[in-house]
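1. Build me a model:
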Amino acid sequence: MTQNARRVIIFEDKPDTVERMRRELTESGHAVVGTAGSIEALQILLGSGVRADIVLLDHQAPREEGGDVDDRGVGPLAEELVRKALGPEVVTVSTTSLDNPPYGDFHFMKMTRDYKFGNVGEFVTSLSNKER
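-> Coordinates of the predicted model:
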């Protein structure tokens, strides 16, 4: 890892999006220390003792592994679980197309309004010099 490298957890239920984010983060010198596609999987991951500097949080994901997506949104619940497990110093990033999501220290839009994908690796690198 480089000097500004961060340990990152990805909370996202779409495998193709997870792989794209993992690739972009790795190419930018960051380490993906865990992924979870449901609230249940996130609880297991956080209970394993994993440590992270930044957690990327999707808004719509299932509560149980293999379950249906909770359309009401689980981003705020995921953030609450992360804060309890990793402490207030961890940086949380909402990764949703919602305007002004109700959670996250920062907001990263995975896809812009003109349907172009943002680069999450570059975004995380830019956070290295920002304060919450």
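2. Closest to the centroid, which residue in the protein?
-> L56 (1.1 Å; Cα atoms, centre = their mean).
3. What separation do you get for that residue and G34?
-> Distance, L56 to G34, by Cβ to Cβ, to the nearest Å: 11 Å. Bear in mind the C-beta positions are built from the backbone N, C-alpha and C, glycine included.
4. which residues do these two both contact?
-> Jointly contacting L56 and G34 under the rule Cβ atoms under 8 Å, 6 or more residues apart in numbering are 9-10.
5. for the host helix or strand of T17, packing partners?
-> Element membership of T17, judged by DSSP states H and E, is helix 15-27. For helix 15-27, the elements it packs on are strand 7-11, strand 31-36, helix 120-127, judged by 3 or more Cβ pairs under 8 Å, 6 or more residues apart in numbering; DSSP states H and E.
6. out of these, which comes closest to F108?
-> The closest of the helices and strands packed on helix 15-27 to F108 is helix 120-127. By Cβ to Cβ, the value is 5.0 Å.
7. D105 reaches E89, doesn't it?
-> No: D105 is not in contact with E89 according to Cβ atoms under 8 Å; the separation is 10.5 Å.
8. Which one of the two is surrounded by more residues?
-> Comparing D105 with E89 by other Cβ atoms under 10 Å, the one with more neighbours is D105, at 16 against 8.
9. what pLDDT does that one get?
-> pLDDT for D105: 93.
10. same check, this time on the one 5 residues further on
-> As summarised for this prediction, K110 has a pLDDT of 64.
11. Also S128?
-> In this model, S128 is scored at 64, pLDDT.
12. burial count for E122?
-> 12.
13. next one: F106
-> So F106, with other Cβ under 10 Å, has 17 neighbours.
14. G73: what's it in contact with?
-> Counting by Cβ under 8 Å, 6+ apart, G73 has contacts 59-60.
15. So what touches the helix or strand containing E40?
-> For E40, the host element (DSSP H and E) is helix 39-47. Under the criterion Cβ under 8 Å, 6+ apart, residues 9, 11, 34-36, 61-65, 74, 77-78, 81-82, 85-86 lie in contact with helix 39-47.
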